[in-house]
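Enquirer: sequence unknown, structure follows:
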C-alpha cells in the first residue's frame, strides 16, 4: 500500500538553529502534502498545504518565514523550522494524498522536535 | 466553517468491555468526508475508516464498527471486546468539499484498556 516516509523521527537542536524535516511519498506521486503540528496531549493542527511547484498555503497564525516549506518534486516536501525556539518543540507530522479527490490521507510517522 | 467535537477526552475500560467513542461534526457543505484515525503511543497516525456524506450505511470491520447518523451529525466509533492493544488516542476528522483534502481533527479521545 501507499506509504509516506518522514525523516528524522526525532531531533534535538539548540535554540537559534534551523531544522529540516522531510516528507516523502514512497510509491505514489503527491501534488499536495500537508503539514500538521501536535502539542503534547493535544490534537493535530494544520500548519500549511504544500503544493508541488508552487508556494505553500499557510493557515492563519502560522509564520511562513519561520516554517519554510519546499515541495520541489512530486514525492518530496520539506519543512524547515528556522531559528528554532523552545516553544517550537512539538510533534510535526505530514500527510499526502494519493490520487484525486478525498482518498484516504496517508501520514508519515511524525518528527518529534525538541529545542533546548 | 468545519468543526469536529469529541466530547470524551479519556475513557478507561477493562479488557473485553465494549467502548464507544463519540464524534459530532459541523459543516456547511453537503459533500464531505469523515475519518477515524488511531494514534498509538509511538505517535504515528493509523487510518481506520473514511466515510462520505452520501453513504449512511453503518460499517463493521472486525471488532470495529461505525455508526453514521447524518440527522445528528454524528459519526461514532465502537470497539467491541476491547484489548490492551487498543489503548491509544483516537481522532475523528472531517474534510469537506470547500476545504479540499485538508482535515479538521477533533480533540481526540484517549482510550486506556486495562488487563
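Expert: That came through, no problem. Note that the structure is a prediction, hence the values are computed from the model and not measured.

Enquirer: show me the contacts for residue 12.
Expert: Using chain A. Contact partners of residue A:12, counting by CB atoms under 8 Å, 6 or more residues apart in numbering or on different chains, are A:114, A:115, A:116. C-beta here means a position set from N, CA and C on the backbone, and glycine is covered the same way.

Enquirer: nope, chain B please
Expert: Contacts here follow CB under 8 Å, 6+ apart; on that basis residue B:12 touches B:111, B:112, B:114.

Enquirer: Could you tell me the per-residue confidence at the first one?
Expert: This means residue B:111. Predicted confidence (pLDDT) at residue B:111: the value is 98.

Enquirer: Then the last one?
Expert: On pLDDT, residue B:114 comes in at 97.

Enquirer: Now do the same contact list for it.
Expert: B:12, B:13, B:14, B:15, B:84 are the contacts of residue B:114 under CB under 8 Å, 6+ apart.

Enquirer: Leaving out the residues flanking it, which one is nearest to residue B:88?
Expert: Excluding the flanking residues, the one nearest residue B:88 by CB to CB, 6 or more residues apart in numbering or on different chains is residue B:40, at 4.5 Å.

Enquirer: I should have written residue A:109 there, sorry.
Expert: Closest residue to residue A:109 apart from its sequence neighbours, by CB to CB, 6+ apart: residue B:44 at 4.3 Å.

Enquirer: if we can go back for a sec, which among the contacts of residue B:114 count as buried?
Expert: residue B:13 (16 or more other CB atoms under 10 Å in any protein chain shown).

Enquirer: could I get the contacts of residue B:114 as CSV with pLDDT and secondary structure?
Expert: Below are the contacts of residue B:114 laid out as CSV (pLDDT from 0 to 100; DSSP: H, G, I helix; E, B strand; the rest coil):
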residue, pLDDT, secondary structure
B:12, 97, strand
B:13, 97, strand
B:14, 97, strand
B:15, 97, coil
B:84, 97, helix
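
Enquirer: Looking at the contacts of residue B:114, which is nearest chain A?
Expert: Among those, residue B:12 lies closest to chain A (CB to the nearest CB), at 15.6 Å.
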